[in-house]
Every structure is written in C-alpha cells, then in structure tokens.
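S.K.: prediction below, plus the sequence it came from.
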Amino acid sequence: MRWALVKVCLAVTAMVVVAFAVPLGLVVKELARDRAFSNAERQAAAVAPALSITTDRDKLERVVASAGADRGMAVHIPAAGGQAAVDIGRQRAADRDIAAVRKLGRASTTGVDGGSTLLQPVALGSGAIAVVEVYVPESEVTNGVGTAWAVLAGVGLALIVGSVAVADRLGVRMVRPAQRLVEGAHELGEGKLGARVPEEGPNELRLAAVAFNSMADQVVQLLANERELAADLSHRLRTPLTVLRLNAASLGDGAAAEQTRAAVAQLEREVDTIIRTAREAKPQTAAAGPGAGCDAAEVVRERMGFWSALAEDEGRKWRVAGVDRPVRIPVARADLAAALDALLGNVFRHTTEGTAFAVDVHHAEDAVIVLVSDAGHGIRDPEAAMARGRGSGAAGSTGLGLDIVRRLAESTGGDVRIGSSVLGGTEVRIWIQLDGGKPERRGHREAVRRRRSRRRPGDAGRRGTGRIGLDL
C-alpha cells in the first residue's frame, strides 16, 4: 500500500512537471531568439539616420564602426543618380534576399551559415532603398537557453523528489497503523492476551484499532470468566472427595487400601492444581526461561512406579525404556505428569486385564519423543479420536485426555500422533520440541502442519487401528 501510493504520486508529479516544464522550456528558447533579433534591430536602427543624410562610404564606415557591429553588419546601397552601388561590410545574405527586401520595403530574416541575418530596409534621400544587414550568430540566439533548461530540470526533479518524500510520509502514516493492527491480531492469535493496538492513524484505521482493543478486552474477560467457572466447578468436587478420603481411611491395612488412599490423595492434589491454575492470570503450560521445565525421565519413572502396582494386580506386563539418564524438556512437571496419567489411565480403562503396555523415551538433538504403547485392540478412527469432545466412541470416552497431551506438545512447537505399536495395539507418540520451534506470527498449528509434512523415522506402519480411549 505504501509503495503503491508512492508510485501513484511519482507518476502524477512527473506528468505535471512535464506538462509545465516542456512549454516553459520552449517559451524560454523563443524569448532568447526574440532578444537576439531585438538587439539586431537596435543596431540596424542606429545606422538608419546616417543613411538618410549621406551615402558617403567613409562616413558610413565610421557610423557602422561606432554601432559596435562592424564585424556583423553590412550596408547595401543601390546605384542611383549616376552613383555606383556601395557595399560596406561582409555580405552573408543572398542577393535575391536583399533584392526581395528592397522590393517589398519591410524587414525580414534569413538563415545563413552559422546563424541568421536581419535585413532592414532604409529609405535614402534620393528615394532609393538601402538594406542594412545585421548578422546574428546561433550562439547568441541560444544564449542562456541551456542554463534555463537546466534550472527547469532541477526544479522539476526537486518537485518529484519532494512529492515522493511527502507521499512516503503519508504512506507510512497510513501503513504503520495497519501493520500494527496485523501484528496485534497475530499476537492475540498466538495467545498473547496483552496485545493491544495504538489508536492512531487515519479515522478508519483508528476505529479498527478501537474495535480490536475492545475485542481483545472481551476475550480476556471471557477467559477470566471461564477460569473462574472451572475453579468453581472443581471446588464442588472437594466435598465428595472429603467423604471418599474418610471412607478410604477406614479400609484398614493392605495393598488395595494403600492404593485407594494414594489415589484419593492424588485426586485431591489434582483438584487443587486445577483450582490454582484456573485462578492464575496465565496457564502453567510450558515453563519458560533458562533452567525451566523438568526431567522427563524422572517424571516417567515416578508415574510408572505409581501405575506399576495396579499393573501387577491386573496381571499386565509393562516395560519402560530411555529413562536411565536425565532428559530435560521445556514443560512443567505437573503438565507432563498429567499427560502421562491421562494416557496410562486410558490403557487401564479401555483395554482388558492382562494387556501389556510400555513407555519409551527417545532423546533426539532437537526433540524428545515419548511413546506410550499397548497390546490392545486399537482405535478404529485415530483422526476422529483426536477431536476434543468426541473420543474413541466408547462409553466414558470424551477425547479430553488426549487434548491435554496435544496442548502440552503444541506448546513447545511439537505434536501428537496415533499409530499402531509393535505390541499390536495403539501407540501414542508425543513429540516435544526442545528448540522452541514456534514460527513467529503463525502460532503452533502451522508449526504442527509443517512437521506433519516431514517424514520422520518410524512413521511407516504406525497409522493403524488402536483402542485407547481418550479421557481425562
């Protein structure tokens, strides 16, 4: 838009300059010619009084010399009354041109080598017509024309440059608010809720900025209301959880009782975490800053220690790999634990007892891949299962569990995929990006689409049927 305005202004100014400069240049040239021939006429007029008095050669030569044009002036007196013709000075005009002027009795100009001549008729006392010839060189006709044209060209160029500069400033005044509006929209789309646009510029863009800021304020208010609602709904769970905890305390001793009490305590902690997260000004997903995040290997070992007790009760074989050394990821510890619990809970909820499962952690140069596999029956439609609120279609499956995992991965620029595992069931792969690979102004969704277009090792054969439910 800015450069289009500059181009239009440049074209219009150039046309205006040409429309005025070309005629003015021709006028300057014509004025220089008129000035040169006016000087020639004055020189010829200075000789006319002497011709009307005398035709003596000596006297006329002195008059021509006193006129200051002895080299460019000639006097042609015809023979009359027994006197011979007299020619003073160098003749440049043709005889027929001189004869024509003498016959017509009016001045004229004619072109000669190196310039032009003015032929001025003068009546003598004897009644004959003498002709005064004044030579006007070409350099005198064009004297000052080049300088005047150069000045006109400079003025025209200055006008063009000035108009372009003014148009550029006007374009900046119009384009900058539009660019800030676009940048604010991108920032708001990426989740930066504090993005606002300065209300400046032309009236239309100023109104657009006002509308954008009002919309952003409404989005912030709506999110705050949603967080409060989530906190209130979570708080309602505390009463039944208290009853459940008291009942679990009366179960006595034993492995099952301890597991029940541990599960109730974990559930209380999760509810408290939900309430705190909902009431915070910003979500806790994806820690930021140097040293932030957690050790994925440690979190996997801890959660597998929790789920392994239940696996032994149900006769499930399990395996964990890749957790023998620290694996730092830019994700909060609570978020990774919640994602693992959601996936492992799905294994126990939607596969039969005795079904084996495994958790593998792979540390690449720019990413960490967490694989949760099982030997179940698979998922008929993995794409539909990825949709929030739909799930796998089984009873109690809502798709919210996998949505937690997806948001965790996409907060780092990664993604989640469902495929078939080497155990024969379903494999959920969490791709966690380590280099913060979020493209500027495009958000996580575009980064995920680009990564999905790449072919990664191990992709072949992983899209099959699985049967893991996608719940909280």
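M.R.: Arrived safely, thanks for sending. Numbers count the residues shown, from 1 in each chain.

S.K.: what about the chain, any weak spots by pLDDT?
M.R.: Applying pLDDT under 70 to the chain flags the ranges 1-6, 67-71, 81-82, 172, 231-236, 238-239, 242, 275-292, 386-400, 436-472.

S.K.: centroid residue for it?
M.R.: Centroid-nearest residue in the chain: residue 179, 7.6 Å away (criterion: C-alpha atoms, centre = their mean).

S.K.: just to be sure, it is in a strand?
M.R.: No - judged by DSSP: H, G, I helix; E, B strand; the rest coil, residue 179 forms no part of a strand; its state is helix.

S.K.: who are the neighbours in contact with it?
M.R.: Taking C-beta atoms under 8 Å, 6 or more residues apart in numbering, we find residue 179 in contact with no residue. C-beta coordinates here come from the backbone N, C-alpha and C atoms, glycine included.

S.K.: any idea how far it lies from residue 262?
M.R.: Residue 179 sits at a distance of 55 Å from residue 262 (criterion: C-beta to C-beta, to the nearest Å).

S.K.: residues contacting the nearest residue to residue 343 once chain neighbours are set aside?
M.R.: The shortest distance from residue 343 to any non-neighbouring residue, by C-beta to C-beta, 6 or more residues apart in numbering, is to residue 372 (4.4 Å). Contacts for residue 372 (C-beta under 8 Å, 6+ apart) come out as 340, 343-344, 347, 357-359, 427-428, 430.

S.K.: mind putting those residues in TSV, distance to residue 210, secondary structure and neighbour count included?
M.R.: Formatted as TSV, the contacts of residue 372 follow (distance: C-beta to C-beta, whole Å; DSSP: H, G, I helix; E, B strand; the rest coil; neighbours: other C-beta atoms under 10 Å):
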residue	distance to residue 210	secondary structure	neighbour count
340	46	helix	24
343	46	helix	26
344	50	helix	23
347	52	helix	28
357	55	strand	28
358	56	strand	20
359	52	strand	23
427	50	strand	24
428	45	strand	28
430	42	strand	27
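
S.K.: for those, which one is nearest residue 138?
M.R.: residue 430 (90.1 Å; C-beta to C-beta).

S.K.: can you pull out the helices in this protein?
M.R.: 2-53, 57-66, 95-104, 138-141, 145-189, 203-235, 238-249, 255-279, 296-313, 333-350, 382-385, 400-410, 443-453 (DSSP state H).

S.K.: who touches stretch 254-266?
M.R.: Stretch 254-266 has contacts (C-beta under 8 Å, 6+ apart) with 241, 244-245, 248-249, 251, 306, 309-310, 313.

S.K.: for that stretch, buried residues please.
M.R.: Within stretch 254-266, the residues that qualify as buried are 260-261, 264, counting by 16 or more other C-beta atoms under 10 Å.

S.K.: can you tell me the closest non-neighbouring residue to residue 304?
M.R.: Ranked by C-beta to C-beta, 6+ apart and with sequence neighbours excluded, the top spatial neighbour of residue 304 is residue 320, at 5.0 Å.

S.K.: count the residues that sit near the nearest residue to residue 341 once chain neighbours are set aside.
M.R.: Leaving aside its sequence neighbours, residue 341 sits nearest to residue 303 (C-beta to C-beta, 6+ apart; 6.3 Å). Neighbour count for residue 303, taken as other C-beta atoms under 10 Å: 20.

S.K.: ok so, going back, okay, the helices of the chain in TSV with distance to residue 416 next?
M.R.: Shown next, in TSV, are the helices of the chain (distance: least, C-beta to C-beta, whole Å):
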stretch	distance to residue 416
helix 2-53	42
helix 57-66	109
helix 95-104	102
helix 138-141	88
helix 145-189	21
helix 203-235	23
helix 238-249	30
helix 255-279	21
helix 296-313	15
helix 333-350	9
helix 382-385	10
helix 400-410	5
helix 443-453	9
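
S.K.: so for residue 113, which of the ones you listed sits nearest?
M.R.: That would be helix 138-141 among the helices of the chain, by C-beta to C-beta, at 9.8 Å.
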